[in-house]
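> When you get a sec, could you give me coordinates for this:
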Amino acid sequence: MELSITVGALVAGVALVAAMRVREGRSRTSLHVPLLPTTPVMFIGIVMILLATIHLFGLFGYGGR
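Residues are numbered from 1 along each chain as shown. Now for the predicted structure:
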């Protein structure tokens with residue numbers, strides 16, 4: 001159960017970073033400020049990836065005591 005939740009969080013973080021990267025790379029046709037800022041959302045996705053990776057190491061017994 002914990003493994004599936006952790007892998008799901010890892011996949012969600014990767015998808016979030018990838019979606020924000022694609023959105024950031026598009027050329028804008030107007031000068032309006034986007035409603036969803038991409039950099040903070042990308043940072044949240046990176047934090048999710050790091051925490052999920054650390055939790056996976058803990059689940060498999062690496063690190064710790």
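
> pull the longest helix from the chain.
helix 2-25 (DSSP state H).

> Packing partners of that helix?
Applying 3 or more Cβ pairs under 8 Å, 6 or more residues apart in numbering; DSSP states H and E, we find helix 2-25 packed against helix 38-59. For the C-beta atoms, the positions are set from N, CA and C on the backbone; glycine is no exception.

> any idea of the angle the helix it packs on forms with helix 2-25?
Put simply, helix 38-59 runs at 160 degrees to helix 2-25, going by axes from the mean of the first three to the mean of the last three Cα atoms, to 10 degrees.

> quick one: contacts of helix 38-59?
2-3, 6-7, 9-10, 12-17, 20-21, 23-24, 63-64 (Cβ atoms under 8 Å, 6 or more residues apart in numbering).

> Please point out which parts of that helix sit buried.
38, 41-42, 45, 48-49, 52, 55-56 (16 or more other Cβ atoms under 10 Å).

> Tell me where this structure is predicted with low confidence.
Low-confidence segments of the chain, defined by pLDDT under 70: 64-65.

> Could you rerun that using 90?
Scanning the chain for pLDDT under 90 picks out 1, 24-36, 61-65.

> list the contacts for Gly63?
By Cβ under 8 Å, 6+ apart, the contact list for Gly63 reads Phe57.

> Helix, strand, or coil at it?
Assigned by DSSP: H, G, I helix; E, B strand; the rest coil, the conformation of Gly63 is coil.

> that older thread, how far away from the center of its chain is the longest helix of the chain?
4 Å (Cα atoms, centre = their mean, to the nearest Å).

> Keeping just the C-alphas, turn that helix into PDB.
Coordinates of the C-alpha atoms in helix 2-25 are reproduced here as PDB (Å, rounded to 0.1, in the frame of the first residue of the first chain):
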ATOM      1  CA  GLU A   2       2.700   2.500   0.900                       C
ATOM      2  CA  LEU A   3       4.700   1.600  -2.100                       C
ATOM      3  CA  SER A   4       1.900   2.300  -4.500                       C
ATOM      4  CA  ILE A   5       1.200   5.700  -2.900                       C
ATOM      5  CA  THR A   6       4.800   6.600  -3.000                       C
ATOM      6  CA  VAL A   7       5.200   5.600  -6.700                       C
ATOM      7  CA  GLY A   8       2.000   7.500  -7.400                       C
ATOM      8  CA  ALA A   9       3.400  10.600  -5.800                       C
ATOM      9  CA  LEU A  10       6.600  10.200  -7.700                       C
ATOM     10  CA  VAL A  11       4.700   9.900 -11.000                       C
ATOM     11  CA  ALA A  12       2.500  12.900 -10.100                       C
ATOM     12  CA  GLY A  13       5.600  15.000  -9.400                       C
ATOM     13  CA  VAL A  14       7.200  14.100 -12.700                       C
ATOM     14  CA  ALA A  15       4.000  14.800 -14.600                       C
ATOM     15  CA  LEU A  16       3.600  18.100 -12.800                       C
ATOM     16  CA  VAL A  17       7.100  19.200 -13.700                       C
ATOM     17  CA  ALA A  18       6.800  18.000 -17.300                       C
ATOM     18  CA  ALA A  19       3.400  19.800 -17.700                       C
ATOM     19  CA  MET A  20       4.800  23.000 -16.400                       C
ATOM     20  CA  ARG A  21       7.900  22.800 -18.600                       C
ATOM     21  CA  VAL A  22       5.700  22.300 -21.700                       C
ATOM     22  CA  ARG A  23       3.500  25.200 -20.600                       C
ATOM     23  CA  GLU A  24       6.600  27.400 -20.000                       C
ATOM     24  CA  GLY A  25       8.100  26.600 -23.300                       C
END
